[in-house]
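Engineer: Everything below, folded, please.
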Amino acid sequence: METIFDAMTTLSMWHWLAIGLIMLGIEAALGTFDLLWIAIAAGLTAMFTALAPELASGWQAQFMFFAVASVLLIVLGRTVFAGMRKMTEEHPTLNKRMDSLVGRRGIAATDFEAGLGRVKIGDTEWSAELAGDGVIRDGDGIVVEATAGNVVKVRKG
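Structural biologist: Numbering: from 1, shown residues only. A predicted model of the protein is given here:
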């Protein structure tokens, strides 16, 4: 019966590549980014084993390289690449149409009476409320200051 140490003496580049791919698959399922660095370390160990066969002929050298690479990559992943873990929105107003109107310019479509009126922004007409003091007449330029529900709050501009 073969012992585990006998099996380790036959480690090759393909074994390390398989370990790396398995770790990468588990990482894809979990999304922790910790196994990503171990998968990369296994891939680097595969390259080390292929490019330096006389140095990597023993399993001890391969495991040492893998251990050092894993620790270094995990430390780098936790410090230098820590931003990868943060969930950021691709675009802060994506699927938030009203929020995307803030700061946009348009034209008053009606005279504002008692602070209420309608404005045209792009090709859409919106209910509007006057933000602050002043008078807005039909045709005046406006700037959207904020939104509340389906109403834009505008100022003359």
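Engineer: my guess is residue 146 contacts residue 131, does it?
Structural biologist: Yes - using C-beta atoms under 8 Å as the test, residue 146 is close enough to residue 131 to be in contact (6.6 Å). Where C-beta positions appear, they are placed from N, C-alpha and C, glycine not excepted.
Engineer: okay, and the helix or strand of this structure with the least pLDDT?
Structural biologist: Least confident element among the helices and strands of the chain, by mean pLDDT, DSSP states H and E: helix 4-8 (a mean of 62).
Engineer: I'd like to know how far residue 38 sits from residue 86.
Structural biologist: According to C-beta to C-beta, to the nearest Å, residue 38 and residue 86 sit 21 Å apart.
Engineer: quick one: which of the two has more around it?
Structural biologist: Set residue 38 next to residue 86 and count neighbours by other C-beta atoms under 10 Å: residue 38 wins out with 22 against 6.
Engineer: which residues are in contact with both of residue 146 and residue 131?
Structural biologist: Residues touching both residue 146 and residue 131 (C-beta atoms under 8 Å, 6 or more residues apart in numbering) are residue 153.
Engineer: hey, where'd the helices end up in the protein?
Structural biologist: Under the criterion DSSP state H, the chain carries helices at the ranges 4-8, 13-30, 34-51, 59-79, 97-101.
Engineer: pretty sure residue 103 contacts residue 147?
Structural biologist: No - at 10.9 Å, residue 103 does not count as touching residue 147 under the criterion of C-beta under 8 Å.
Engineer: For the chain, which residues score under the pLDDT cut-off?
Structural biologist: Residue ranges of the chain with pLDDT under 70: 1-2, 4-9, 56, 85, 87-90, 92-95.
Engineer: hang on, the earlier thing: deepest in the core, which of the helices of the chain is it.
Structural biologist: Across these, the average number of neighbours (mean count of other C-beta atoms under 10 Å) peaks for helix 34-51, which reaches a mean of 20.
Engineer: As TSV, the helices of the chain with distance to residue 126 would be great.
Structural biologist: Listed next are the helices of the chain as TSV, based on distance: least, C-beta to C-beta, whole Å:
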stretch	distance to residue 126
helix 4-8	70
helix 13-30	43
helix 34-51	46
helix 59-79	46
helix 97-101	8
